[in-house]
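Undergrad: test case, fold it:
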Amino acid sequence: MPDSRIQPSSPVASPAGKQSRAHVWYETYGQAVYSYVRFHVASADEADDVTAETFLKVLAAEERFDPDRGEARVWIFRIAQNTLRDHHRRSRVRRHTSLGAMRDLVADAPTAEERLLWEEEVSRLLSAVGDLGERDREVIGLRYGSGMDTAAVAQILGVRESAVRTRLWRALGRLRVLLEDDAP
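TA: I've put the predicted structure just below:
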């Protein structure tokens, strides 16, 4: 796994060197950024666009990255947060969409009945998450959407790890209530 603290002071005289570091960052964090973004947008295509825009911003601002101020991962996820906010402001994205439109959430269940049950459960979960407040969606998206541990989420949100655990516990409690209220 590439080092997340790639030094900006290393000679990057050519655009090729810049692309190389951006490429390493994309290879290292691209899937996690996509998963985080996908948790917040209605379609896989939107997630692709926001992820690409995030890494274009990373490439453009790469000289400003200072490893003494934090890890590359935290810096990149803050850019992703801001890019996602900009995207929502620009497009006024709907929070709900049909599961059939989510081409990247296809089930590999062996039977049609199992696939249908899985899709219904995921749809129910996504609907309930969409009903949560922005802060709750943010902490759940960072922790479970991108698969980060609470320490990384704390760095990105700029809060203590104990605050992340508390926010997450409360957000999951609210999600549980929404899912119980919606239970068949």
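
Undergrad: for the helix ranked longest in the chain, buried residues please.
TA: Criterion DSSP state H: the longest helix present in the chain is helix 15-38. By neighbour count with 16 or more other Cβ atoms under 10 Å, helix 15-38 contains the buried residues 21-22, 25-26, 28-30, 32-38. Using the backbone N, CA and C atoms, a C-beta is placed for each residue, glycine as well.

Undergrad: distance of Lys57 from Thr51?
TA: Lys57 sits 11 Å away from Thr51, going by Cβ to Cβ, to the nearest Å.

Undergrad: those two - which one has more neighbours?
TA: Shown here are Lys57 and Thr51; by other Cβ atoms under 10 Å, Thr51 has more neighbours (25 against 16).

Undergrad: which regions of the protein sit below the pLDDT cut-off?
TA: Within the chain, the stretches with pLDDT under 70 are 1-20, 92-110, 183-184.

Undergrad: apply 80 and report the result again.
TA: Within the chain, the stretches with pLDDT under 80 are 1-22, 39, 42-43, 91-116, 118-119, 122-123, 126, 182-184.

Undergrad: once you drop chain neighbours, what's closest to the most centrally placed residue in it?
TA: The chain has Tyr36 as the residue nearest its centroid, 1.1 Å off, counting by Cα atoms, centre = their mean. Excluding the flanking residues, the one nearest Tyr36 by Cβ to Cβ, 6 or more residues apart in numbering is Ser146, at 3.7 Å.

Undergrad: state the number of residues packed around Ser127.
TA: Residues near Ser127, counting by other Cβ under 10 Å, number 16.

Undergrad: was I right to think it contacts Asp181?
TA: No: using Cβ atoms under 8 Å, Ser127 is not in contact with Asp181, being 11.4 Å away.

Undergrad: what about Trp25, distance to Ile76?
TA: As judged by Cβ to Cβ, Trp25 and Ile76 stand 6 Å apart.

Undergrad: equivalent analysis for Gln155, please.
TA: Counting by Cβ to Cβ - Gln155 and Ile76 are separated by 11 Å.

Undergrad: with Ala61 instead?
TA: Taking Cβ to Cβ, one finds Ala61 at 10 Å from Ile76.

Undergrad: list of residues touching stretch 126-141?
TA: Outside stretch 126-141, the residues within contact range by Cβ atoms under 8 Å, 6 or more residues apart in numbering are 36, 39-40, 81, 95-96, 99, 153, 157, 164, 167-168, 170-172, 174-175, 178-179, 182.
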